[in-house]
Structures are given as structure tokens and as C-alpha cells.
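>>> no sequence on hand, only this structure:
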């Protein structure tokens with residue numbers, strides 16, 4: 001126990017020393033370029049996004065830049081730069097630690113992590129939560145606007161293909177264990193939301209003709225953009241499970257409940273690493289939970305962006321969704 005404490009103290013001293021050096025004077029050209037590049041990306045993001053929104057909503061405003069509109073866009077740019085600068089400093093600081101360690105030949109002290117329950121990462125700070133939420137709202141709102149026509153066409157096809165509602169609703173486990181109602185395009189003839197939830201099989205007779213295509217391409221998940229807007233979900237996070245499945249796996253998998261320490265996501269780290277779709281065995285679910293825990297412990301704004309981009313590729317490469 002004392003060895004673990006000493007190792008943690010050594011790691012804390014090492015990181016504190018590196019952070020102090022970072023605040024006073026960057027010493028590597030790579031560090032200077034990295035900081036400049038991130039500032040450039042943040043500045044472009046702060047200007048381009050409101051410009052796109054102005055192009056979309058401009059006709060509705062008759063292209064009149066009123067004082068209110070200018071104040072809103074100005075506040076958005078300032079907020080984006082503020083959040084981006086905080087994120088930039090976090091990433092920049094880590095790069096300094098790594099580069100300095102390589103330059104001096106020093107290694108970062110190993111910090112043993114005890115087995116069992118417990119989180120390796122502190123909860124997201126207010127700034128991190130704000131950045132994640134702003135990204136969720138901006139992306140979900142823009143996606144719903146762009147996809148409004150295709151979503152309407154899909155809804156009409158579902159209605160014509162088989163009797164029943166367009167949307168499937170089900171209670172799922174969410175942030176801090178609170179349940180919420182999730183939305184999906186209905187892909188089956190028989191819907192279930194009772195104590196026993198039967199998974200869809202590859203040749204399940206309940207799946208409709210249009211439903212099979214929607215499930216294979218994950219288009220049936222798009223209504224969850226509404227869940228993202230309402231705050232029940234995030235764009236990126238562990239996928240939410242039915243309440244019955246949560247109860248089942250919570251008794252079988254250690255630390256399963258850690259998945260609920262962040263908001264569930266429309267996509268996630270596990271999904272882009274091959275765990276999209278059905279996980280029929282406990283062993284597969286354990287591996288999926290391991291990916292979820294890694295995401296929680298290593299969260300960053302850039303990791304979310306990476307997951308979102310890789311999701312589009314994994315949709316067409318996955319063989320588990322049906």
C-alpha cells in the first residue's frame with residue numbers, strides 16, 4: 001500500500017513539474033506549432049459554424065443582421081473560443097509532458113491502479129460538460145435540419161410497409177441510472193417493452209422489409225437525435241440498454257454500472273471497435289463494457305470527434321447489425 005502511495009506521489013510531482021514548465025515556457029518547436037494549429041482550428045470552427053447557420057436560417061430572417069442576431073453570433077464565437085482554449089490547453093499540456101519526457105530520456109512514473117470497482121478518471125469538469133453539450137446540440141440540430149426530408153420519407157415508407165406507429169419507444173437506462181424513453185424507427189411488426197425483452201435475431205420474422213435495411217444501416221437510430229436534443233443522450237457514449245438487460249448484466253458483469261457515469265450515446269467507442277449490434281453472450285458483453293469503461297476514463301472532445309467520424313465507416317463495415 002505504501003509503495004502505491006509513493007508511486008502516486010512521484011507521478012503527481014512529475015506532472016506538477018511538467019505543468020509548471022509548460023505554463024512558463026514551451027521549449028520545443030513541435031509544441032509551438034501544435035498550439036498554433038489548435039488555435040487555428042478553434043478559430044475556424046468558431047467562424048464557420050455560425051456562418052453555415054446564417055446561410056440556413058438567413059432566408060427566414062430576410063438576411064437582416066439585427067442587433068440580436070449579432071449578439072447571439074458574437075456570444076457563440078466567444079464561448080467557442082473559451083471552451084476551445086481550455087480543451088487546447090489540456091491537449092497541449094499533455095503533448096508537452098510526452099515531448100519533454102522523450103527529450104530528457106525520462107519516463108513517466110508508473111502508477112499502479114488497484115483492481116475492482118472505482119473510476120480511474122475524475123468526473124468531467126463544468127467546461128468539459130459544457131463543451132460536450134454544446135457539440136451535441138449543434139450537431140443534432142444541424143443533422144435534423146439537413147435530414148428532415150429523408151426522415152419524413154422513411155416515416156411514410158414505414159407507415160405504408162406495415163401497420164403500427166412510425167416510432168418505437170422503450171425505456172432505457174440512462175445517466176446515473178435514471179431511465180428515459182428512447183426513440184427509434186419501428187423495424188418490427190411486434191414491439192415489446194415488458195419485463196422480458198427478446199433480442200432481434202438475424203432471420204427474425206418480426207423484422208419488416210424496410211426494417212431490415214434500416215437496422216443494417218443504423219438509420220433506425222436517427223430519431224435518437226431528439227433524445228440528444230432533450231439531454232437524455234449524447235452523440236457519443238455507451239449505448240443504452242433495455243432496463244431488463246441492465247438488471248440482467250448488472251448481476252453478471254463487474255463494474256457494469258460504471259457505464260451510467262456518463263450519458264448514453266448515439267454511437268460509442270465500443271461500436272466503432274466491432275461491438276455494434278447484437279452481443280449474444282456474456283463474454284462479448286464484458287468486452288463491450290471494457291470499451292465503454294475505456295471511453296469514460298479517456299474522454300476528450302477530440303475523442304468524441306474521432307468516434308463520430310469513424311462511425312460512418314463502421315456502419316458499412318459491421319456485420320453484427322441486422
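Happy to help now that I have it. Note that the structure is a prediction, hence the values are computed from the model and not measured.
>>> lowest-pLDDT helix or strand in this protein?
Counting by mean pLDDT, DSSP states H and E, the chain has its least confident helix or strand at helix 2-24, which shows a mean of 47.
>>> list of residues touching stretch 161-178?
For stretch 161-178, contacts defined as CB atoms under 8 Å, 6 or more residues apart in numbering pick out 155, 158-159, 179-189, 191, 193, 197, 208-211, 220, 223, 232-233, 240-243, 246, 257, 260-264. Where you see a C-beta, it was placed from the backbone N, CA and C, and this is true even at glycine.
>>> wait, I meant stretch 138-148
So stretch 138-148 is contacted by 49, 52-53, 56, 151, 222, 225-226, 228-229, 235, 308 (CB under 8 Å, 6+ apart).
>>> now distance to residue 172 too, for these, in JSON lines please.
Output for these, formatted as JSON lines (distance: CB to CB, whole Å):
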{"residue": "49", "distance to residue 172": "30"}
{"residue": "52", "distance to residue 172": "32"}
{"residue": "53", "distance to residue 172": "31"}
{"residue": "56", "distance to residue 172": "31"}
{"residue": "151", "distance to residue 172": "21"}
{"residue": "222", "distance to residue 172": "16"}
{"residue": "225", "distance to residue 172": "15"}
{"residue": "226", "distance to residue 172": "14"}
{"residue": "228", "distance to residue 172": "14"}
{"residue": "229", "distance to residue 172": "16"}
{"residue": "235", "distance to residue 172": "16"}
{"residue": "308", "distance to residue 172": "21"}
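>>> turn these into a markdown table, including neighbour count and secondary structure.
Formatted as a markdown table, the contacts of stretch 138-148 follow (neighbours: other CB atoms under 10 Å; DSSP: H, G, I helix; E, B strand; the rest coil):
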| residue | neighbour count | secondary structure |
| --- | --- | --- |
| 49 | 16 | helix |
| 52 | 12 | helix |
| 53 | 17 | helix |
| 56 | 12 | helix |
| 151 | 18 | helix |
| 222 | 20 | coil |
| 225 | 22 | helix |
| 226 | 15 | helix |
| 228 | 24 | helix |
| 229 | 15 | helix |
| 235 | 25 | strand |
| 308 | 17 | helix |
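>>> closest to residue 278 among these?
residue 222 (19.5 Å; CB to CB).
>>> tell me who's in contact with the closest one.
Going by CB under 8 Å, 6+ apart, the list of residues near residue 222 reads 143, 147, 151, 185.
>>> quick one, helices of this protein?
For the chain, the helices defined by DSSP state H cover 2-24, 29-57, 67-104, 126-146, 148-161, 209-217, 224-230, 243-250, 282-297, 301-317.
>>> mean pLDDT for those: which is lowest?
If the helices of the chain are sorted by mean pLDDT, helix 2-24 sits at the bottom with a mean of 47.
>>> so which of the contacts of residue 222 wins on neighbours?
Neighbour counts for the contacts of residue 222 peak at residue 185, which has 22 neighbours (criterion: other CB atoms under 10 Å).
>>> quick check: domain ranges of the chain?
2-104, 126-317 (automatic domain parsing).
>>> ok, and what's touching stretch 285-295?
Here stretch 285-295 makes contact (CB under 8 Å, 6+ apart) with 236-238, 249, 252-253, 255-256, 258-259, 262, 268-270, 273, 275, 279, 303, 307.
>>> now with 6 Å, please.
Contact with stretch 285-295 is made by 238, 249, 253, 256, 258-259, 269-270, 273, 275, 279, as judged by CB atoms under 6 Å, 6 or more residues apart in numbering.
>>> okay if I get those residues as TSV plus distance to residue 215?
TSV is the format used below for the contacts of stretch 285-295 (distance: CB to CB, whole Å):
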residue	distance to residue 215
238	20
249	22
253	25
256	25
258	28
259	22
269	21
270	18
273	20
275	16
279	15
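>>> coming back round to it: now the buried members of the contacts of stretch 161-178.
Among the contacts of stretch 161-178, the ones that count as buried by 16 or more other CB atoms under 10 Å are 155, 158, 180, 182-188, 208, 210-211, 220, 223, 232-233, 240-243, 246, 257, 260-264.
>>> buried residues, stretch 165-184. List them.
Using 16+ other CB under 10 Å as the burial criterion, the residues of stretch 165-184 that qualify are 168, 170, 172-175, 180, 182-184.
>>> show me the residues you listed that map onto strands.
The strands in this structure, assigned by DSSP state E, contain 168, 170, 172-173, 180, 182-184 from these.
>>> farthest pair within those residues?
Between any two of those (CB to CB), the greatest distance is 16.8 Å, for 168 and 173.
>>> next, count neighbours for residue 213.
Counted with other CB under 10 Å, the neighbours of residue 213 add up to 15.
>>> ok, and the closest non-adjacent residue to it?
residue 219 (7.6 Å; CB to CB, 6 or more residues apart in numbering).
>>> now swap in residue 184 and tell me
Residue 184 sits nearest to residue 168 (CB to CB, 6+ apart), 4.6 Å away.
>>> measure the one you found to residue 52 for me?
Going from residue 168 to residue 52 by CB to CB, to the nearest Å gives 32 Å.
>>> again, but for residue 148
Separation of residue 148 from residue 52 (CB to CB): 16 Å.
>>> before I go, just wanted to say thanks for your time.
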